[in-house]
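S.K.: quick one, fold the following:
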Amino acid sequence: MTVEKIAQALESNLAAFAGLGAKVAFDLGDDGALAIDATGSPPVLSDQPDGADCTIRISAENLAKLIDGELNAMMAYTLGKLKIEGSMGIAMKVAALLEE
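M.R.: Next comes the predicted model:
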């Protein structure tokens, strides 16, 4: 799944992030970055991760697997496929939203 397709998948589920009340960035390494600003209503998806309350470092391939339900967020974290900077609580909420 390309970054564009990941962005489309996140965009289609953006309403689920409405109650998050935080900014979350997905650092995809060489593939770039995506960010969800859920501090306002409605949440907004962009490629500008500035000011994130939580940054999730993950490959585009593994983020696609998370979105598709092929990878469990806790297992990815345990195996080092996913790294978190900032609020662990927000990261756990995001993981639950991605797995829905």
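S.K.: where along the protein do the strands fall?
M.R.: Remark: strands assigned in the chain by DSSP state E are 23-27, 33-37, 44-46, 54-58, 82-86.
S.K.: can you tell me which of those strands is most buried?
M.R.: With neighbours defined as mean count of other Cβ atoms under 10 Å, the strands of the chain peak in mean count at strand 23-27, which reaches a mean of 23. (C-beta placed from N, C-alpha, C; glycine too.)
S.K.: residues in contact with that one?
M.R.: For strand 23-27, contacts defined as Cβ atoms under 8 Å, 6 or more residues apart in numbering pick out 17, 33-39, 49, 51-58, 63, 90-91, 94.
S.K.: can you check stretch 32-41 too?
M.R.: With contacts defined as Cβ under 8 Å, 6+ apart, stretch 32-41 is touched by 3, 6-7, 10, 14, 17-28, 43-50, 52.
S.K.: what about 7 Å?
M.R.: Under the contact criterion Cβ atoms under 7 Å, 6 or more residues apart in numbering, stretch 32-41 has outside partners 3, 6-7, 10, 17-18, 20-28, 43-49, 52.
S.K.: now swap in stretch 73-80 and tell me
M.R.: Asn62, Leu66, Leu82, Ala95, Leu98, Glu99.
S.K.: export those to CSV and append columns for pLDDT and distance to Met75.
M.R.: Converted to CSV, the contacts of stretch 73-80 look like this (pLDDT from 0 to 100; distance: Cβ to Cβ, whole Å):
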residue, pLDDT, distance to Met75
Asn62, 95, 11
Leu66, 92, 10
Leu82, 94, 9
Ala95, 89, 11
Leu98, 84, 13
Glu99, 78, 11
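S.K.: if any of those residues are buried, give me the PyMOL selection for them.
M.R.: Here is the PyMOL selection string for the buried members of these, based on 16 or more other Cβ atoms under 10 Å:
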select buried, resi 62+66+82+95+98
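S.K.: in JSON lines: the contacts of stretch 73-80, plus distance to Met74.
M.R.: Converted to JSON lines, those look like this (distance: Cβ to Cβ, whole Å):
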{"residue": "Asn62", "distance to Met74": "13"}
{"residue": "Leu66", "distance to Met74": "11"}
{"residue": "Leu82", "distance to Met74": "9"}
{"residue": "Ala95", "distance to Met74": "7"}
{"residue": "Leu98", "distance to Met74": "12"}
{"residue": "Glu99", "distance to Met74": "10"}
